[in-house]
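Task: produce atomic coordinates for the following.
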Amino acid sequence: MDQTVNDRPATVADTERPELGKELKVVIFGAGPAGLTAAWELVHNGVQVDVLEADPEKVGGIARTASYKGFRFDIGGHRFFTKAPEVRKLWHEILSENDWLKVPRLSRIYYRGKFFSYPLKPFDALRKLGLFQTALCMLSYLRIKVFPRRNEKSFEDWVVNRFGVRLYTIFFKTYTEKVWGIPCTEISADWAAQRIKGLSLVNAIKNSFHRPSKRPGKAGKGEVIKTLIEEFEYPKLGPGMMWERAVEKIQGLGARVHMGSPVTSLRRSEAGLVEAEVSNGEGTRSFTGTHFLSSLPIRNLVSMLDPPAPAEVIEAAQALSYRDFLTVVLVIDREKLFPDNWIYIHEPDVRLGRVQNFKNWSPHMVPDPSKTALGLEYFCTQGDDLWNMSDEELIKLGSEEIARLGLAQADEIEDGTVVRMLKAYPVYDEHYETNVSVVRAFIEKEVPNLQLAGRNGMHKYNNQDHSMMTALLSARNIMGENWDPWKVNTDAEYHEEFEEGHDTAGRAVPRPVSS
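You can find the predicted model right below:
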């Protein structure tokens, strides 16, 4: 019988292997969720671990928590919800029960001056669009049912076939193109299939008749009801709190976390990687190991190999693209602004993509309860006009746009700051899957002691818990097991929904390669 992660024979994590630490020495690239999860698993099994992190101060990668004058804020919102018991167990091993909050979940779409429920509730959406627009939307939907797009190659094809052209244009196109910076016709249908799997107008209407609940349930024999996640867990000082605590604990067990240590070169032999070189203002330092685990962007990783990878591998890696991200944090002199945790901005007349209200995630994120801190999220690409704006220009832009939307008044904005994050999102363009496959095949054959894990490490837009699961499996591979982390994937959780009966690591069960 095939075995899932939670139904397996005794593993390294379950048994005593006192000699393991003497046999293995692992060097991990990146102190984000994937890198630190792998370090946690390895060091708890007696393995020698070095973690190399480029940032001189902050751990957690995109899941870090930044601060400004006592105001704390995420780099994007990071809900803690998972179907993987092992991941949830790890969260609660790192942080004590007193560190957690249960947060009511509310997010909406802002479009043309109105708030629409998210995930979409058809009756709410059509009512707010008005009778004329509703009629056009329904006609558009009926037309696509009669004349569907036969070859679903792009994100646009996938969504149009399930909602019709008009609803796609209103509720999907503008925001998606803000996020990715390319037309929806150039985004792979894989993106939609992975992130909004199972969503359609018909299913959305069906779901609107079900009462939301906090737990999945069944009706009748084998009928699966999708249920809205009404609340999620959240560390009271933000997600960075978890990864800062994780570093403290693994260092207490002997792991070494080297901050301000960007990897610049990777020496390999016929047997695989043998050495990672770090260069910073203090000079150059080398780290050797028996095994290596990378959560670095694939494009960066391949460019560091010495001797270089074959030309076709370099070309495939360089063809992978990424979307960068910046947050304009505004301090507002008002106790309450709106009840949402976050709001998606589908308004085509502003560049703003999403607004986080950090105080609604945790009251501990603000030092003064009479103030509110908003995170205005802009999706960009390094070198474009948004990325090249000064902090002052970005704060001015954010202040103008938030006031134009009516979410805050201009005279209430007291202060602001800007945080930038490179390579926040691996892009699912039409060629990404082929390019990743080329790189993966080379690494598995020519660099067998290198494991890839995490969002950028695998060029896979995983949620935090899925990134952690890939790291857990990769760490166990290093310790002698035989899992396929590439089978860990996401499903309809992008729309805050899940189905009872799914496996613990996503729709595709990660199974031992040999089974």
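
any idea which helix or strand carries residue 316?
Mapping residue 316 onto the secondary structure by DSSP states H and E places it in helix 311-319.

Kindly export that helix (C-alpha atoms) in PDB.
What follows is helix 311-319, C-alpha atoms only, in PDB (Å, rounded to 0.1, in the frame of the first residue of the first chain):
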ATOM      1  CA  ALA A 311      24.600  25.800 -21.900                       C
ATOM      2  CA  GLU A 312      21.000  24.500 -22.300                       C
ATOM      3  CA  VAL A 313      20.700  24.400 -18.500                       C
ATOM      4  CA  ILE A 314      22.000  27.900 -18.000                       C
ATOM      5  CA  GLU A 315      19.700  29.100 -20.800                       C
ATOM      6  CA  ALA A 316      16.600  27.400 -19.100                       C
ATOM      7  CA  ALA A 317      17.500  28.900 -15.700                       C
ATOM      8  CA  GLN A 318      18.000  32.400 -17.100                       C
ATOM      9  CA  ALA A 319      14.600  32.100 -18.900                       C
END
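
Which neighbouring elements make contact with that helix?
Other helices and strands packing on helix 311-319, by 3 or more C-beta pairs under 8 Å, 6 or more residues apart in numbering; DSSP states H and E, are helix 298-303, helix 432-446. Any C-beta I mention is one placed from the backbone N, CA and C, and that applies to glycine too.

Need the winner for burial among those.
For the helices and strands packed on helix 311-319, average neighbour numbers computed from mean count of other C-beta atoms under 10 Å are highest in helix 298-303, which has a mean of 21.

what lines up beside whichever helix or strand comes after that helix in the sheet?
Secondary structure here is assigned by DSSP H and E; on that basis, the next helix or strand after helix 298-303 toward the C-terminus is strand 305-306. Each strand pairing with strand 305-306, determined using DSSP bridges, is listed with its direction: strand 263-269 (parallel).

could you give the angle of the next helix or strand after the partner strand to strand 263-269?
Past strand 263-269, heading to the C-terminal end, the next element that is a helix or strand (DSSP H and E) is strand 272-280. Angle, strand 272-280 to strand 263-269, by axes from the mean of the first three to the mean of the last three C-alpha atoms, to 10 degrees: 160 degrees.

Number the chain from 709, please
Happy to do that; since the first residue is 709 now, the last one works out to strand 980-988.

Near the closest residue to residue 852 other than its chain neighbours, how many other residues are there?
Across the structure, with C-beta to C-beta, 6 or more residues apart in numbering as the measure, the residue nearest residue 852 apart from its sequence neighbours is residue 872 (4.8 Å). The local packing count at residue 872 equals 21, with neighbours defined by other C-beta atoms under 10 Å.

Distance of residue 872 relative to residue 1116?
The gap separating residue 872 from residue 1116 is 34 Å, by C-beta to C-beta, to the nearest Å.

sorry, back to before: the residue nearest to residue 852: what's it in contact with?
With contacts defined as C-beta atoms under 8 Å, 6 or more residues apart in numbering, the neighbours of residue 872 are 845-846, 848-852, 909.

Tell me the confidence at it?
Looking at residue 872, its pLDDT is 93.

before we move on, what about residue 858?
Reported pLDDT for residue 858: 90.

And residue 987, how far from residue 1025?
Computed as C-beta to C-beta, the residue 987 to residue 1025 distance reads 21 Å.

The two: which has the busier surroundings?
residue 1025 (23 against 13).

Ignoring the adjacent residues along the chain, who's closest to the more buried one?
Spatially, and ignoring its direct neighbours in sequence, residue 1025 is nearest to residue 1010 (3.7 Å; C-beta to C-beta, 6+ apart).

need the contact list for that neighbour.
By C-beta under 8 Å, 6+ apart, the neighbours of residue 1010 are 1017, 1021-1022, 1025-1026, 1147.

Pull the residues that contact the helix holding residue 1024.
The set of residues external to helix 1019-1027 that reach it, using C-beta under 8 Å, 6+ apart, is 1006-1007, 1009-1011, 1016-1017, 1139, 1142-1144, 1146-1147, 1150.

repeat for stretch 1098-1106
Counting contacts by C-beta under 8 Å, 6+ apart, the residues outside stretch 1098-1106 that touch it are 1034, 1036, 1038, 1059-1060, 1084, 1086, 1094, 1097, 1124-1126.

Mind doing that once more with 10 Å?
Judged by C-beta atoms under 10 Å, 6 or more residues apart in numbering, the contacts made with stretch 1098-1106 from elsewhere in the structure are 1034-1038, 1058-1060, 1063, 1082-1086, 1093-1095, 1097, 1116, 1121, 1123-1128.

now the residues you listed: which count as buried?
Members of those that pass the buried threshold by neighbour count (16 or more other C-beta atoms under 10 Å) are listed as 1034-1038, 1058-1060, 1063, 1082-1086, 1094-1095, 1097, 1116, 1121, 1124-1128.

Among the residues you listed, which lie within strands?
Using DSSP state E, the subset of the buried ones among the contacts of stretch 1098-1106 located in strands is 1034-1038, 1063, 1082-1086, 1121, 1124-1128.

ok, back up a step: what's the closest of the contacts of residue 872 to residue 811?
Residue 811 lies nearest to residue 909 out of the contacts of residue 872, by C-beta to C-beta, at 29.4 Å.

which residues sit in contact with residue 1135?
Residue 1135 makes contacts with 887-890, 894-896, 899, 1028-1031, 1089, 1167, 1169, as judged by C-beta under 10 Å, 6+ apart.

change it to 7 Å
Shown in contact with residue 1135 (C-beta atoms under 7 Å, 6 or more residues apart in numbering): 888, 1029-1031.
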